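S.K.: Please work out how this folds:
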Amino acid sequence: MGKSEWLVDSGASSHMTSVRDKFVSMKELKTPVRITIADGKKIDAVAIGTVGLKLMDGTSVTLSDVLYIPEVEGSLISVAKLTEKDAVALFSKNKCVFRYGDATVMEAERCGNVYKLKTVGDEVCHAATTSRKEPWAVVHARLGHIPYKRYEQLLTMADGVPRIADEPSDHVCAGCCMGKMREDNFSRSPEKTVKSA
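M.R.: Sure, this is the predicted structure:
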């Protein structure tokens, strides 16, 4: 299996890869996580992180919580992990389609008895990793004033999302505050005044 191929695995509990340079961000695990693979062999995950994949059709996908396991052969996409994030996997005779809402996120072709997601080579994937980080206030405004929770979801669903340099602690956006303000309704009928004679 090539470095740019990922297998769709309905039995895998986590996304995993042995290709370290696929990671956009990675955190070493203090204690390795022991994984039992299909043949019963036990291997250790030594890091966890985010992987950016550039698909052959030109779209990009970001996988979060990917385990780095030097001993695992190739790269696996966990159907269970994707469905936890509300993606739907549709398997047919020739392909597996992942959908999020009404949008098709990615497709894997059937090759023999496995479904393979083909990605563009390593050099293209790393083009997105050199982008600079912006303050949360700037990114928040650029993305249409989305809440931070939605921003975190967007990071797991799309590639090319601007990265932030700081997490919003008590960020108050003036534009959002103004947008949530409202005025009291005007009275529909004007008050009647009575003149005394």
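S.K.: so where do the helices sit in the chain?
M.R.: Using DSSP state H, the helices of the chain run over 79-84, 122-125, 136-142, 148-157, 174-180.
S.K.: export those helices to TSV and tack on mean pLDDT, distance to Glu167 and mean neighbour count?
M.R.: To be clear about C-beta, it is placed using only N, CA and C from the backbone, and glycine gets the same treatment. Shown next, in TSV, are the helices of the chain (pLDDT from 0 to 100; distance: least, CB to CB, whole Å; neighbours: other CB atoms under 10 Å):
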stretch	mean pLDDT	distance to Glu167	mean neighbour count
helix 79-84	92	23	16
helix 122-125	38	26	14
helix 136-142	79	7	16
helix 148-157	81	8	14
helix 174-180	77	17	10
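S.K.: could you dump those to TSV with distance to Ala103?
M.R.: As requested, the helices of the chain are exported to TSV (distance: least, CB to CB, whole Å):
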stretch	distance to Ala103
helix 79-84	14
helix 122-125	21
helix 136-142	21
helix 148-157	9
helix 174-180	26
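S.K.: Mind checking these for the one nearest to Asp9?
M.R.: Among the helices of the chain, the nearest to Asp9 by CB to CB is helix 79-84 (6.8 Å).
S.K.: Tell me the helices and strands packed up against the closest one.
M.R.: Judged by 3 or more CB pairs under 8 Å, 6 or more residues apart in numbering; DSSP states H and E, helix 79-84 is in contact with strand 88-91.
S.K.: can you rerun that using 10 Å?
M.R.: When contacts are defined as 3 or more CB pairs under 10 Å, 6 or more residues apart in numbering; DSSP states H and E, helix 79-84 packs onto strand 5-9, strand 60-68, strand 88-91, strand 95-100.
S.K.: The third one - what's its average pLDDT?
M.R.: What it means is strand 88-91. The predicted model gives strand 88-91 an average pLDDT of 92.
S.K.: Contacts for that strand, please.
M.R.: Applying CB atoms under 10 Å, 6 or more residues apart in numbering, the external contacts of strand 88-91 come out as 8, 10, 77, 79-80, 82-83, 96-101, 104-105, 107-108, 110, 115.
S.K.: Just the pLDDT for Lys27.
M.R.: 93.
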